[in-house]
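Engineer: next one to model:
(one chain, ligands or ions: 1)
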Amino acid sequence: RALNFNAGPAALPEAVLARAEKEMMNYQDSGMGVMELSHRSKQFEAINEVTKSLLRGLLNIPDDYEVLFLQGGASLQFTMVPMNLLEEGSAAGYVLTGTWSEKALKEAQKIGSAAAIASSKSSNYKSIPSFTEIDVHPDSSYLHITTNNTIYGTQWHDLPKKVNVPLIADMSSDILSRPLHVPSYGLIYAGAQKNLGPSGVTVVIIQKDLLKRSRPDLPSMLNYQVHADSKSLYNTPPTLSVYFLMLVLEWAESIGGVKQLELQNKEKASLLYDAIDSSDGFYKGHAEKESRSLMNITYTLENEDLTSTFLHEAEKSGFIGLAGHRSVGGCRASIYNAVPTEHVEKLAKFMNDFRLRN
Ligand code: PLP
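Structural biologist: Numbers count the residues shown, from 1 in each chain. Model prediction:
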């Protein structure tokens, strides 16, 4: 197996891939591969339901929340959230913590009134604004945050217990990485391709009360109420992605759930942050310490030549996906749930060895 540090699509648990390999040809003695099942078949309806209940169990999702499996990626949620939830005569507040929250705001502004109410842009998104500094107007339709900033490598650590308007969170790159207090949120969305499975399915967890805001004149495919009414089977769903999501959730449950995943994620992240912090400035972390992400570790080296030598040697040693996003430069190691601790240990060792050689 490659040492895969891609930002998404990303590594999947080996056990998941091994099981899927068998079921590609013959799913539960049906004589059909899992991709060949009709989405109206009993087998697929069971996959759909089991996947939902696994997610409910793992994230402790209360009954007054609906779980939806949609398409269009997290990017379509940038549009669907304001289309469904932004009320006439009201505005939405956005906290800007990186490229993805900027994009979410830009799309919302095409639908209605939305504005940034806090931002860490002036510090090149090295940190997360504190929740006590965020002043949400009580008449706002909602407040939007991005819990983990995949590109800049920052993450919210003190998430709010309750905000006075519905809190909407893009959790694409950290859902299922730590325990979550769902009742603090009005809506959570996440593209699957980082912690949940392959690309193709987007998870939406929405408080049932908020479904009332979805106007019947919205296009059906963009209407949360339509998808809730049809149990995410309004049209042909991405059956293979939902099946993989089920396998990943079963795997997460089998290893001890989100508490165990959080422990592992902390351990993995500290291996790399230690390599950075003990390097005497050879590696510089992009994020400020208190805002560091446990999922995406971003760092730079002294200059472009050294960075490209690092990336070149890393690639020769079998490390995949370590180049930083073009807007930050340097390097980024994405260490989602499925990246084994041993792979991260190898990377930490490689970073230390490279520093000593250079
Ligand atoms: N939000 C975050 C935090 C992301 O990391 C990404 C993609 O990397 C997106 C949104 C966009 O997701 P998608 O490609 O599923 O539309």
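Engineer: what segments of the chain are helices?
Structural biologist: With helices called from DSSP state H, the chain shows them at 14-23, 42-59, 73-85, 99-111, 224-229, 239-254, 257-277, 304-316, 341-357.
Engineer: just give the number of residues close to D209.
Structural biologist: Neighbourhood size, D209 [other C-beta atoms under 10 Å]: 11. Bear in mind the C-beta positions are built from the backbone N, C-alpha and C, glycine included.
Engineer: partners of H144 in the sheet?
Structural biologist: Beta-bridge partners recorded for H144 (DSSP bridges): Y94, I168.
Engineer: quick one on the thing from earlier: looking at the helices of the chain, which is nearest to A118?
Structural biologist: helix 99-111 (10.2 Å; C-beta to C-beta).
Engineer: who are the packing partners of that closest one?
Structural biologist: Applying 3 or more C-beta pairs under 8 Å, 6 or more residues apart in numbering; DSSP states H and E, one finds that helix 99-111 makes contact with helix 73-85, strand 92-96, strand 114-119, strand 142-146, strand 148-149, strand 167-170.
Engineer: out of these, deepest packed?
Structural biologist: The highest mean neighbour count among those, using mean count of other C-beta atoms under 10 Å, belongs to strand 148-149: a mean of 28.
Engineer: what sits against whatever residue of the stretch 251-358 of the chain ends up closest to the ligand?
Structural biologist: Using C-beta to the nearest ligand atom, the single residue of the stretch 251-358 of the chain nearest to the ligand is N296, 8.5 Å away. Shown in contact with N296 (C-beta atoms under 8 Å, 6 or more residues apart in numbering): A7, N148, N149, T150, I151, G153, S173, R332, A333, S334, I335.
Engineer: now do G285
Structural biologist: For G285, the contacting residues are G153, Y273, I276, D277, R292, I297, T298, Y299, by C-beta under 8 Å, 6+ apart.
Engineer: one more: V34?
Structural biologist: Going by C-beta under 8 Å, 6+ apart, V34 touches A20, E23, M24, Y27, I47, T239, L240, Y243.
Engineer: ok so, going back, if I look at the residue of the stretch 251-358 of the chain closest to the ligand, how far off is Q155?
Structural biologist: Per C-beta to C-beta, to the nearest Å, N296 is found 8 Å from Q155.
Engineer: now for those two: what residues contact both?
Structural biologist: Shared contacts of N296 and Q155, defined by C-beta under 8 Å, 6+ apart, are found at N148, N149.
Engineer: one step back: can you count the residues close to the closest residue to the residue of the stretch 251-358 of the chain closest to the ligand other than its chain neighbours?
Structural biologist: Nearest residue to N296 in three dimensions, chain neighbours excluded: G153, at 4.4 Å (C-beta to C-beta, 6 or more residues apart in numbering). Number of residues near G153 (other C-beta under 10 Å) recorded here: 30.
Engineer: my guess is G153 contacts R292, does it?
Structural biologist: Yes. The pair G153 / R292 is scored as a contact, 7.0 Å apart, by C-beta atoms under 8 Å.
Engineer: weed out the non-buried ones from the contacts of G285.
Structural biologist: Among the contacts of G285, those buried by neighbour count (16 or more other C-beta atoms under 10 Å) are G153, Y273, I276, R292, I297, T298, Y299.
Engineer: roughly how far apart are the fifth one and A228?
Structural biologist: Distance, I297 to A228, using C-beta to C-beta: 37 Å.
Engineer: equivalent analysis for the fourth one, please.
Structural biologist: Spatial separation of R292 from A228 under the definition C-beta to C-beta is 36 Å.
Engineer: once you drop chain neighbours, what's closest to the closest residue to the ligand within the stretch 101-250 of the chain?
Structural biologist: Going by C-beta to the nearest ligand atom, the ligand is nearest to G191 of the stretch 101-250 of the chain, at 2.9 Å. Distances taken as C-beta to C-beta, 6+ apart place A74 nearest to G191, at 4.0 Å, with adjacent residues excluded.
Engineer: and the one you found, how far is that from N84?
Structural biologist: 15 Å.
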